[in-house]
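*Asks:* No letters, just coordinates:
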């Protein structure tokens with residue numbers, strides 16, 4: 001299984017913890033504020049032999065970063081789902097419920113767009129862990145998971161840990177998926193591996209992706 005984490009110049013510590021927890025791969029997620037750290041992650045990717053290292057970039061505008069494996073966005077607007085992003089996450093955090101309905105950031109139209117454009121939905125355990133409104137957030141996650149299952153959107157889960165102590169072993173994440181109502185929690189756990197493998201097969205050259 002592969003996990004996504006958010007390092008702060010402590011990539012090597014995450015590697016050590018990932019090995020202890022039984023992961024065989026680790027995705028380091030960066031944004032424009034930590035873009036400079038990408039170089040150290042790429043160096044580690046070449047040197048590390050015990051575990052597979054991948055890189056990801058969180059942005060609202062896909063950039064020319066040919067060595068980045070995944071592009072993520074927390075924005076689920078239609079225009080972002082057509083821009084070549086690989087994954088959306090944390091859509092539950094920046095949207096208000098209406099008086100009549102809970103809003104998780106996804107709906108039928110968006111899910112169909114995600115399926116069409118091969119955009120996956122990723123559940124962030126760290127967002128739940130650090131939320132002051134867990135009951136509300138878990139309801140939104142359950143709603144999004146239900147929609148993604150109904151409209152066949154690829155779904156995965158990761159810790160998105162901001163430090164090594166927020167990382168969870170795969171069994172903990174599986175239990176959380178069962179709580180959310182996942183039909184096949186084992187499949188969701190392994191989906192990140194499949195997403196990365198599928199992305200690798202689509203790459204014609206660094207930075208050039210087959211559509």
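*Replies:* Structure's in. What do you need? What you see is a predicted model; the values in this text were computed from it and never measured.
*Asks:* Please look at residue 4 and residue 159 and confirm they touch.
*Replies:* Yes. Using C-beta atoms under 8 Å, residue 4 is in contact with residue 159, at 7.0 Å. No exception for glycine: its C-beta is placed from N, CA and C like everyone else's.
*Asks:* contacting residues for the residue positioned nearest the centre of the chain?
*Replies:* With distances taken as C-alpha atoms, centre = their mean, residue 122 lies nearest the centre of the chain, 4.3 Å away. Residues in contact with residue 122 (C-beta atoms under 8 Å, 6 or more residues apart in numbering) are 4, 72, 87-89, 155-158, 192.
*Asks:* So which of those is the closest to residue 41?
*Replies:* The closest of these to residue 41 turns out to be residue 4 (C-beta to C-beta; 12.6 Å).
*Asks:* Pretty sure the closest one sits in a strand.
*Replies:* Yes. Looking at residue 4 with DSSP: H, G, I helix; E, B strand; the rest coil, it is inside a strand.
*Asks:* Quick check: beta-bridge partners of it?
*Replies:* Residue 4 forms beta bridges with residue 27, as assigned by DSSP bridges.
*Asks:* picking up where we left off before, how much space separates the residue nearest to the centre of the chain from residue 42?
*Replies:* Per C-beta to C-beta, to the nearest Å, residue 122 is found 22 Å from residue 42.
*Asks:* I'd like to know how many residues surround the nearest residue to residue 61 once chain neighbours are set aside.
*Replies:* Leaving aside its sequence neighbours, residue 61 sits nearest to residue 83 (C-beta to C-beta, 6 or more residues apart in numbering; 7.7 Å). Neighbour count for residue 83, taken as other C-beta atoms under 10 Å: 16.
*Asks:* same check, this time on residue 25
*Replies:* Around residue 25 there are 16 other residues, counting by other C-beta under 10 Å.
*Asks:* Let me see the contact set for it.
*Replies:* For residue 25, the contacting residues are 1-3, 51-54, 193, 196, by C-beta under 8 Å, 6+ apart.
*Asks:* let's see it at 7 Å
*Replies:* The contact partners of residue 25, taken as C-beta atoms under 7 Å, 6 or more residues apart in numbering, are 2, 51-52, 54, 193.
*Asks:* Over to residue 23?
*Replies:* Residue 23 makes contact with 1-3, 51, according to C-beta under 7 Å, 6+ apart.
*Asks:* please redo it, this time with the cut-off set to 10 Å
*Replies:* Neighbour list for residue 23: 1-3, 5, 14-15, 17, 51-52, 159, 167, 169-170 [criterion: C-beta atoms under 10 Å, 6 or more residues apart in numbering].
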